[in-house]
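Colleague: Here's my sequence, what's the structure:
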Amino acid sequence: LTGQGAEGDPGAPRGNLIVQVLVDDDNYFHRDGVDVHTECPISMTQAVLGGTVDVRTLTGTVEMKVPKGTQVDSKLMLRGKGIPHLHSEGRKGNHIVHLQI
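Modeller: Modelled structure (predicted):
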């Protein structure tokens, strides 16, 4: 942050403030750039007949539709439910849900 650091020599401008943010790993969410990945267990019945599952996102829980005939290791995407882009106002990555049968 330019000019937000400590005072310099008399008459000199203030220094810059450097902020470092460390993000711990999470057991549920896995980050890939601006996208977030999670695993969601579903039953064989849900995979064959379809249904809905509750998925925890970064902003709360959403109900996601599981299409009938879902195959093993299928992925579903929740658009715009990922991490905000650093320099793009309002743009967010996606939340990819890996279905585990």
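
Colleague: residue ranges with poor pLDDT in the chain?
Modeller: Under the criterion pLDDT under 70, no range of the chain is flagged.

Colleague: Which stretches in the protein count as strands?
Modeller: Along the chain, the stretches classed as strands by DSSP state E are 30-32, 35-41, 51-57, 60-66, 75-78, 95-100.

Colleague: Sheet-wise, list the partners of the third one with their directions.
Modeller: Spelled out, it's strand 51-57. strand 60-66 (antiparallel) (DSSP bridges).

Colleague: buried residues in the partner strand?
Modeller: By 16 or more other C-beta atoms under 10 Å, the buried positions in strand 60-66 come out as Met64, Val66. Bear in mind the C-beta positions are built from the backbone N, C-alpha and C, glycine included.

Colleague: now swap in stretch 94-101 and tell me
Modeller: Asn94, His95, Ile96, Val97, Leu99.

Colleague: can you check stretch 32-40 too?
Modeller: Buried residues in stretch 32-40 (16+ other C-beta under 10 Å): Asp35, Val36, His37, Thr38.

Colleague: Ile42 - how many residues pack around it?
Modeller: 18 (other C-beta atoms under 10 Å).

Colleague: can you pull the contacts of it?
Modeller: When contacts are counted by C-beta atoms under 8 Å, 6 or more residues apart in numbering, Ile42 touches Gly51, Val53, Val66, Thr70, Leu99, Gln100, Ile101.

Colleague: Contacts only, for the spatially closest residue to Leu78 that is not a sequence neighbour.
Modeller: Spatial nearest neighbour of Leu78, excluding adjacent residues (C-beta to C-beta, 6 or more residues apart in numbering): His95 at 4.0 Å. Contacts for His95 (C-beta under 8 Å, 6+ apart) come out as Asp35, Val36, His37, Thr38, Val55, Thr57, Leu58, Met77, Leu78, Lys81, Gly82.
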